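give the three-dimensional model of this entry:
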Amino acid sequence: MVDIVQPKFGLGQVVATPGALELLQFNGQSPQVLIDRHVRGDWGDLSQEDCENNEAALSDGTRILSAYVTRNRQRIWIITEAADDRGQRSSTTILLPQEY
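Numbering: from 1, shown residues only. Down below sits the predicted model:
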């Protein structure tokens, strides 16, 4: 039996930087796995305060950030932009912290 988890928010257009894609490919990791974690509310390796900010962002529409550690212990971020006046989020980006 497969558990189907509803997304907690919309992603908008999903994009990734070349550096993030290269890192994931080097580690044999799928960007989709990280996106799935992000949209389910598994924020990864964040402080309690950042997790609380993400939970608030689900209601108030502000930016959502997740941080994950790759197999070779490098950090990778996923950022979903703040919602517009209609409550729609335009984009989600997979990137390296130094690319922010």
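
quick one: contacts for the residue nearest to residue 9 when sequence neighbours are not counted?
Nearest residue to residue 9 in three dimensions, chain neighbours excluded: residue 58, at 6.0 Å (Cβ to Cβ, 6 or more residues apart in numbering). Any C-beta I mention is one placed from the backbone N, CA and C, and that applies to glycine too. Taking Cβ atoms under 8 Å, 6 or more residues apart in numbering as the criterion, residue 58 is in contact with 8-9, 41, 64.

now the buried members of those residues.
9, 41, 64 (16 or more other Cβ atoms under 10 Å).

sec struct for the residue nearest to residue 9, please.
When classified by DSSP: H, G, I helix; E, B strand; the rest coil, residue 58 comes out as helix.

could you measure from it over to residue 99?
Distance from residue 58 to residue 99, counting by Cβ to Cβ, to the nearest Å: 25 Å.

got it, and residue 46?
In this view, residue 46 and residue 99 are 18 Å apart by Cβ to Cβ.

in stretch 83-91, which residues are buried?
Neighbour-count burial for stretch 83-91 [16+ other Cβ under 10 Å]: 83, 89.

check stretch 49-66 too.
Buried, per 16+ other Cβ under 10 Å, within stretch 49-66: 50, 53-54, 57, 61, 64-66.

for the record, mean pLDDT for that stretch?
The pLDDT scores in stretch 49-66 average 97.

i'd like the first residue to be 813 from this point on
Happy to do that; since the first residue is 813 now, the last one works out to stretch 861-878.

nice, that's everything, thank you.
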